[in-house]
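Trainee: Show me the folded form of this:
(chains A and B)
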Amino acid sequence: MKGWMRAVSLLSIIAVTVALALGTASGGLGYVLPFPGVRDLAYWFLFTALNPSTPLFTVMSPEAVTSIVWDYRGLDTLFETTVFFLAIIGSMALMRGIEVVKKVEERTYQIGMSPIVKTVTRISVAAILAVAASIALHGHLTPGGGFQGGAAAAVAPLLLIVVFSVYFAVGSHINKKNMLTIRTIGLLGVGLTAFAVLIIGVIHGVGAYVFQNQPKATAPIGLPADLFGSLTSGTLILFNFFEFLAVAAGFTIVFLLLSVPERRVMEILEGGEKDEH
Amino acid sequence: MISQETLIYAVMGLLGIISLVAVYMAITEKDLVKAVLYSAIQSTAYAFLFYLLMAPDIVLVYVPVAVGLYPAVILFLIKKSERFEGEST
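Mentor: The predicted structure is shown next:
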């Protein structure tokens, strides 16, 4: 397409969008604006999220979003996590048997980008991991949580793969097997945390629920809301930590699979059966 | 005197238009690497929009996914296939 035609169509799209926005904002569809105040449902969440005076409803976490995600509707989040991991299992099944072999020579350190980029990456990888851990482990106190922290942490191995080459990453133990182990630990942790209060309840002979956090009316047990005086919000910090591990390792597996050189993939696909004999 | 609220809404409108332009450029661009960059510009505008809409949780997941991981996945795929749209190998 010619340059002026692109400019004309872009300008007309902007004009239509702005006209539509102005039209609706000035009452083109009638004034059915959302209620400007805090709604009843939101008020309930804000009132109970961190409120020791309502012990049967509180989550003991000042972060209402994480409270909703991992406590009020924890089962939803469990299935969201499951969907994410089914996607990763699918990509691993497609790329089964295809892996980069570790190069033992010194040359591994010479491939990749220039020393300047490598030095900057070394510093920023440490910073990224620190920020990611902070996002995940403070998920019950400040905005953030396991998925957010895990996605941020997954940028660090991605940088290593792009800047230092995939051989360096595999050489420094960021390989499929280790990531799979971390991911499995994370998933097991999420599953066990979901049943933690139920298991404690069975041991003590008290009624308890799956995905229970703080004591409820018919189930008078729960995980401690604080540890040595600092707020941990019962199951929330455990969920965030294990989800952090699982998401970071899951994304890293995908990047390891994508960064296998195409030539190597073809080699394995063509000569796969010969190697076994 | 413009009130602070109006100013924030104006900035949000501006960010919306920036993202619209970036999306248009990304769709019509034939060089897919450039298209990914335009897409990242759109993601940056959206990240600011989410922040102004008071959704910091979404910002924290949107920034690494939409600015870091997603362009990386697309760039890996472009490297494995072809860089220019309509090119035949």
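
Trainee: can we go C-alpha only for contacts and neighbour counts from here?
Mentor: OK.

Trainee: of all the residues in the stretch 1-150 of chain A, which ones are close to chain B?
Mentor: By the criterion of C-alpha under 8 Å from any C-alpha of the partner chain, the positions of the stretch 1-150 of chain A lying close to chain B are A:10, A:14, A:65, A:143-145, A:147-149.

Trainee: Could you list the low-pLDDT ranges of the stretch 101-250 of chain A?
Mentor: Confidence mapping of the stretch 101-250 of chain A against pLDDT under 70 gives the ranges A:102-110.

Trainee: the strands in it, which residues?
Mentor: Counting by DSSP state E, counting those that start in this stretch, the stretch 101-250 of chain A has strands at residues A:226-227, A:230-231.

Trainee: follow-up on the earlier one: can you flag the buried ones in the residues of the stretch 1-150 of chain A next to chain B?
Mentor: By the neighbour-count criterion of 16 or more other C-alpha atoms under 10 Å in any protein chain shown, these include these buried positions: A:14, A:65, A:143-145, A:147-149.

Trainee: Helices - which of those land there?
Mentor: A:14, A:65, A:147-149 (DSSP state H).

Trainee: check contacts around residue A:85.
Mentor: Contact partners of residue A:85, counting by C-alpha atoms under 8 Å, 6 or more residues apart in numbering or on different chains, are residue A:250.

Trainee: mind putting the residues of the stretch 1-150 of chain A next to chain B in CSV, distance to residue B:31 included?
Mentor: Below are the residues of the stretch 1-150 of chain A next to chain B laid out as CSV (distance: C-alpha to C-alpha, whole Å):
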residue, distance to residue B:31
A:10, 18
A:14, 23
A:65, 40
A:143, 37
A:144, 35
A:145, 37
A:147, 32
A:148, 31
A:149, 33
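
Trainee: Tell me the residues of chain B that contact chain A?
Mentor: Proximity of chain B to chain A (C-alpha under 8 Å from any C-alpha) is limited to residues B:17, B:20-21, B:24, B:56-57, B:60-61, B:64-65, B:68-69, B:73, B:76-77, B:80.

Trainee: Of the residues you listed, which belong to helices?
Mentor: Of the residues of chain B next to chain A, the ones assigned to helices by DSSP H are B:17, B:20-21, B:24, B:56-57, B:60-61, B:73, B:76-77, B:80.

Trainee: Among those, name the buried ones.
Mentor: Judged by neighbour count, with buriedness set by 16+ other C-alpha under 10 Å, the buried members of those are B:17, B:20-21, B:24, B:56-57, B:60-61, B:73, B:76.

Trainee: dump the residue contacts of the residue of chain B found nearest chain A.
Mentor: When distances are taken as C-alpha to the nearest C-alpha, chain B reaches nearest to chain A at residue B:61, 4.4 Å away. Under the criterion of C-alpha under 8 Å, 6+ apart, the contact list for residue B:61 reads A:144, A:147-149, A:151-152.

Trainee: and with 7 Å instead?
Mentor: Contact analysis of residue B:61 by C-alpha atoms under 7 Å, 6 or more residues apart in numbering or on different chains lists A:148, A:151.

Trainee: swap in the one 4 residues further on?
Mentor: Residues in contact with residue B:65, defined by C-alpha under 7 Å, 6+ apart, are residue A:151.

Trainee: Could you rerun that using 8 Å?
Mentor: A:151-152.

Trainee: Now stretch A:166-185: buried residues?
Mentor: Taking 16+ other C-alpha under 10 Å as the neighbour-count basis, stretch A:166-185 is seen to contain the buried residues A:166-170, A:174-176, A:179-180, A:182-185.

Trainee: which one of those sits closest to residue A:238?
Mentor: Distance from residue A:238 was checked for each of the buried residues of stretch A:166-185 by C-alpha to C-alpha. The minimum falls on residue A:185, at 12.3 Å.
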